[in-house]
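S.K.: have a look; sequence and predicted model below, questions after that.
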Amino acid sequence: MADPATSVVLDPSSFSYVVGIDLGSEACCFTVLTPQKQVVIKPRGFANAASGFHQLQAQLARLERDPSRIVVGLEATSRYGENLFHFLQQQGYHLCLLHPRQTHEFAKQRGLRAKTDRLDAATIARVLLSGEARVGYVPTQHIASYRELVRLHTRLSDEIARDKNEIQGLLVVLFPEFTQVFADPCRMTATAVLQAYPSARTIRAAGVDAIAAILHATAPHNYGRETAQRLVDVAHQSVSSGLAVEARELSLQIWCEQLRSTQVHLEQIDAQIERLLSDDPEAKRLQAIPEFGQQTVAVLLAELGEVARFQRLDQVVAYAGMDIEIKQSGKWQGKAKLSKRGSGLVRRMLYMAAMRCTWLPGSAFGSYYHRLLARGVGEMTALMAVMRKMLLVAASLLRTGEEYDPTRVAPGPAG
């Protein structure tokens, strides 16, 4: 729903009332306090639905006719509060999103260990009154669209990797020789065969004609009867144990079907992301960086959001978890490591882009990387430096609107 990592401090004294809302999938709980911490409405519940929203609005309207004089605090928890947030925003209330960690630490410091909806609503209100509350960033519809797509893309990509591992694992016992014919058993043609005949025994029983028909239907220009004959021949020589064969055959068929289905969905997401990028001037600036592919650009736009809200570029670095953190206790001092706060997806994509630059001809970031190595910097440390440099360049382009200039990536000796 929102991203509270970059924020501004809220001044509760400028409002008439402070409302804390604890969100739930079906029901929510709210309480109302004055800036002087007097309880006006004790914690009470309402439905997370239109009827509940109007009930809440009616009770708040009895206290203050001007909704802008009321600040409402919610935790940024999944999607549970998105509809309520936008309803209250449209009514003119001042909304404040809090990171769950902020409310948890506030309660912990004050010994509020019990956790109920009523206590959570009161805690949220008291965080707002503490003067320490930070108003979270709510992405625009454009950024929210990027986020929805790239996060689903990541989940489906991870599912595809899992599906492939399952297919390869089952083939080890059902038909270990399959890869002698199809080096990649997870390609569409191979899975089409396996979905129909998921073991050495079923391929032997099917025969050459049946296998050739599938190959012709799936990839008529790449495979034919000769490939089908080779597959049947190796099936006759298979060392498959035959243990739990029917159950494993069904498992393999399901994994093959699921893999193909997920791949189709991923293609749909890729097409939607491509349409978003094609109409986005900011995307075109980032796409001018040779090391950035479509997914890298989409992730940066999605996870960084409106970069103009950052006062300094080092805040962008910290936001992405690329800042350096050193643990220290007394005389002991640990190694410098990335803080790894914020979006792990940004770091994952930057890491892949940094790896790409090490072999990409003419890469400005690659030159920077190799200069660091020449100075004796370790490979991983150099990669981290490149990732940080890439992030700074991308943020600068988004912030200033300038075009990418590779000569400005690391002018002169790396320092």
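M.R.: Now that the structure is in, tell me what you want to look at. Numbering: from 1, shown residues only.

S.K.: need the contact list for the spatially most central residue of the chain.
M.R.: Nearest to the geometric centre of the chain sits Arg151, at 3.9 Å (C-alpha atoms, centre = their mean). By C-beta atoms under 8 Å, 6 or more residues apart in numbering, the contact list for Arg151 reads Ala302, Leu345. For every residue, glycine as well, the C-beta is placed using N, CA and C.

S.K.: separation between Pro12 and Cys96?
M.R.: Relative to Cys96, Pro12 is positioned 9 Å away (C-beta to C-beta, to the nearest Å).

S.K.: oh, I was asking about Leu10
M.R.: 6 Å.

S.K.: and for these two, which residues touch both?
M.R.: Val71, Leu128, Ala133, Val135.

S.K.: got those as a markdown table, with pLDDT columns?
M.R.: Output for the shared contacts of Leu10 and Cys96, formatted as a markdown table (pLDDT from 0 to 100):
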| residue | pLDDT |
| --- | --- |
| Val71 | 93 |
| Leu128 | 90 |
| Ala133 | 73 |
| Val135 | 70 |
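
S.K.: out of the residues you listed, who's nearest Arg101?
M.R.: Ala133 (12.8 Å; C-beta to C-beta).

S.K.: which of the residues in stretch 123-131 are buried?
M.R.: Neighbour-count burial for stretch 123-131, with 16 or more other C-beta atoms under 10 Å as criterion, is recorded at Thr123, Ile124, Ala125, Arg126, Val127, Leu128, Leu129.

S.K.: looking at those, which is nearest Ala47?
M.R.: Compare each of the buried residues of stretch 123-131 with Ala47 using C-beta to C-beta and the shortest gap goes to Ile124, at 18.7 Å.

S.K.: how about the closest one, what does it touch?
M.R.: Counting by C-beta under 8 Å, 6+ apart, the residues that Ile124 touches are Gly20, Ile21, Asp22, Gly73, Leu74, Glu75, Leu98, Thr103.

S.K.: which of these fall within strands?
M.R.: Mapping the contacts of Ile124 onto strands (DSSP state E) picks out Gly20, Ile21, Asp22, Gly73, Leu74, Glu75, Leu98.

S.K.: the longest strand belonging to the chain: which residues count as buried?
M.R.: Ordering each strand of the chain by length in residues (DSSP E) puts strand 39-47 first. Using 16+ other C-beta under 10 Å as the test for burial, strand 39-47 gives Pro43, Arg44, Gly45, Phe46.

S.K.: show me this structure divided up by domain.
M.R.: 3-138, 147-272, 298-408 (automatic domain parsing).

S.K.: tabulate the ones you listed (a markdown table), appending distance to Gln287.
M.R.: As requested, the domains of the chain are arranged in a markdown table below (distance: least, C-beta to C-beta, whole Å):
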| stretch | distance to Gln287 |
| --- | --- |
| domain 3-138 | 24 |
| domain 147-272 | 15 |
| domain 298-408 | 9 |
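
S.K.: out of these, which gets nearest to Pro281?
M.R.: Smallest distance to Pro281 across the domains of the chain (C-beta to C-beta): 8.2 Å, for domain 298-408.

S.K.: start and end of that closest one, how far apart?
M.R.: 23 Å (C-alpha to C-alpha, to the nearest Å).

S.K.: same question for that domain, mean pLDDT?
M.R.: Averaging pLDDT along domain 298-408 yields 88.

S.K.: any idea how far that domain is from the chain center?
M.R.: Chain-centre distance of domain 298-408: 18 Å, with C-alpha atoms, centre = their mean, to the nearest Å.

S.K.: list just the nearest of the ones in strands among the contacts of Ile124 to Phe178.
M.R.: Glu75 (50.4 Å).

S.K.: right, and that closest one touches Cys96 too?
M.R.: No - when contacts are counted by C-beta atoms under 8 Å, Glu75 is not listed as touching Cys96 (10.3 Å).

S.K.: who's more crowded, the two?
M.R.: Neighbour totals were compared for Glu75 and Cys96, and Glu75 leads with 27 against 24 (other C-beta atoms under 10 Å).

S.K.: quick check: the gap between Phe182 and Gln258.
M.R.: 19 Å.

S.K.: picking that back up, name the nearest of the contacts of Ile124 relative to Pro406.
M.R.: Leu98 (41.4 Å).

S.K.: let me see the contact set for the residue nearest to the closest one when sequence neighbours are not counted.
M.R.: Of all residues not flanking Leu98 in the chain, Glu75 sits nearest, at 5.4 Å (C-beta to C-beta, 6 or more residues apart in numbering). The contact partners of Glu75, by C-beta under 8 Å, 6+ apart, come to Asp22, Leu23, Gly81, Leu97, Leu98, His99, Pro100, Thr103, Asp120, Ile124.

S.K.: could you redo those as JSON lines and give each row distance to Tyr146 and pLDDT?
M.R.: As requested, the contacts of Glu75 are arranged in JSON lines below (distance: C-beta to C-beta, whole Å; pLDDT from 0 to 100):
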{"residue": "Asp22", "distance to Tyr146": "29", "pLDDT": "93"}
{"residue": "Leu23", "distance to Tyr146": "24", "pLDDT": "92"}
{"residue": "Gly81", "distance to Tyr146": "20", "pLDDT": "89"}
{"residue": "Leu97", "distance to Tyr146": "19", "pLDDT": "87"}
{"residue": "Leu98", "distance to Tyr146": "24", "pLDDT": "87"}
{"residue": "His99", "distance to Tyr146": "21", "pLDDT": "81"}
{"residue": "Pro100", "distance to Tyr146": "23", "pLDDT": "82"}
{"residue": "Thr103", "distance to Tyr146": "28", "pLDDT": "83"}
{"residue": "Asp120", "distance to Tyr146": "31", "pLDDT": "87"}
{"residue": "Ile124", "distance to Tyr146": "29", "pLDDT": "92"}
